[in-house]
Structure formats: C-alpha cells, structure tokens
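Colleague: I would like to see how this sequence folds:
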Amino acid sequence: MAVRDLMDASECYYSVASLWEIAIKQGLGRLNRDITVSEYDSICRQTGFHPLPILPSHLDRIRDLPEMHRDPFDRLLVAQAQEEQLVLITHDRIIPQYPVETIWQI
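Modeller: Model prediction:
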C-alpha cells in the first residue's frame, strides 16, 4: 500500500519524541528555528495527525529492544510503534531490521 493511501485510510500519529528531537536540533543550530516546536505541533494537529505521548509502556519496550540502533529517538519510535501496533513510516535503514511494521519512505 502506498504511504498516501495508508495515511488516507488510517488514523495518523506523530510522536512527541519527534517534537523533542526537533527542539534539541534547533537548540544545537542543526535545524531551522523559524518554526517553533509548538507551531510544528499545531501544524500536525491541523493536518489531522494525533499526538502520541511517551508512555511508561513504551519505555519498557525500549529496554527489550536489541542494540541495533544507537539513536535513542529512533529506538523510542520503534518501541511506540510496537506497543501501539502502528506502522512506522521511515527512511532510516536500520529501523526495518526491528520486529516492527514499516513502510520505506524517501
């Protein structure tokens, strides 16, 4: 199924962890600061996406993940997708090695 078709047919979520990562990258000067994290959140909500908070059960999942990926944010996204039984859209080459349903998006 194409990404757009999947998104049109499903509830779509964005992880609060992604907003957290944006804030860190903006603070380090690695990402444009013209749009605030709050504005990104608002844009996602206006587009029909739902925020996915970080829950203790997601953190429990991280503990059991194999050490294939060193990026803590990507590991959290994998754990959230596993715990919530969500499809993870990614262009990361390591994430599909985890037991999580992914769609490759470039």
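Colleague: just for this protein, where's the confidence low?
Modeller: 1, 105-106 (pLDDT under 70).
Colleague: cutoff 80 now
Modeller: Along the chain, segments meeting pLDDT under 80 span 1-3, 6, 104-106.
Colleague: residue ranges for the helices of it, please.
Modeller: Taking DSSP state H as the criterion, the chain carries its helices at 3-9, 16-27, 37-46, 56-64, 72-84.
Colleague: Out of those helices, which is the most enclosed?
Modeller: Highest mean neighbour count among the helices of the chain (mean count of other C-beta atoms under 10 Å): helix 72-84, with a mean of 20. C-beta: built from backbone N, CA, C; applies to glycine.
Colleague: between the helices of the chain, which one is nearest to I103?
Modeller: Closest to I103 of these is helix 3-9 (C-beta to C-beta; 5.6 Å).
Colleague: hang on, the earlier thing: now tabulate the helices of the chain in CSV and tack on distance to R93.
Modeller: Below are the helices of the chain laid out as CSV (distance: least, C-beta to C-beta, whole Å):
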stretch, distance to R93
helix 3-9, 17
helix 16-27, 18
helix 37-46, 25
helix 56-64, 20
helix 72-84, 11
